[in-house]
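> Here is the input, now give the coordinates:
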Amino acid sequence: MDHSLALHIADAALEPEPLDPAQIVSGTPEVTGKVVWESPDGRRIRGVWQITPGVVTDTEADEVFVVVSGSATIEVEDGPTLRVGPGDMAVLRAGDRTTWTVHETLRKAYAIDL
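From the prediction side, this is the model:
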């Protein structure tokens, strides 16, 4: 990206981002997303991400996100259980091992720092 931009998150066209089958605990969740900005060194990423209902595991990067629609419960191993829905902001730390139980298709805007 060479310039500033504005994006209506709810209507952003997203592309498939296949999950590693080892991450799926239950259901048939599908992930889509769109990177809208990435730093030249690839260490800072901004975008939109969506996941359909199901249960998945992940190991997180440093991330802050705001939920636009949907809901999920995020269990952080040896940490809190986060319940997120529209308008909620969450912060995940690099290395957090999480289990996401997605109740309604969740769409979020995120900022990741690697």
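> List the contacts of the residue positioned nearest the centre of the chain.
Averaging the C-alpha coordinates of the chain gives a centre point, and the residue nearest to it by C-alpha atoms, centre = their mean is residue 49 (5.1 Å). By C-beta atoms under 8 Å, 6 or more residues apart in numbering, the contact list for residue 49 reads 14, 17, 31, 32, 33, 65, 107, 108, 110. Where you see a C-beta, it was placed from the backbone N, CA and C, and this is true even at glycine.
> My understanding was that the second one contacts residue 33; is that so?
Yes - with contact defined as C-beta atoms under 8 Å, residue 17 reaches residue 33; the gap is 4.8 Å.
> picking that back up, partners of the residue nearest to the centre of the chain in the sheet?
Each beta-bridge partner of residue 49 is listed here: residue 33, residue 108, as defined by DSSP bridges.
> residues making contact with stretch 11-20?
Where contact means C-beta under 8 Å, 6+ apart, the residues beyond stretch 11-20 that reach it are 29, 30, 31, 32, 33, 34, 36, 48, 49, 50, 56.
> tell me what the host helix or strand of the last one is packed against?
Per DSSP states H and E, residue 56 falls inside strand 54-59. Here strand 54-59 touches strand 24-26, strand 97-113, going by 3 or more C-beta pairs under 8 Å, 6 or more residues apart in numbering; DSSP states H and E.
> Just say which of those is most tucked in.
strand 97-113 (a mean of 18; mean count of other C-beta atoms under 10 Å).
> packing partners for it?
In terms of contact count using 3+ C-beta pairs under 8 Å, 6+ apart, strand 97-113 is assigned the packing partners strand 44-51, strand 54-59, strand 62-76.
> rerun that using 10 Å as the cut-off
When contacts are defined as 3 or more C-beta pairs under 10 Å, 6 or more residues apart in numbering; DSSP states H and E, strand 97-113 packs onto strand 24-26, strand 31-38, strand 44-51, strand 54-59, strand 62-76, strand 81-84, strand 89-92.
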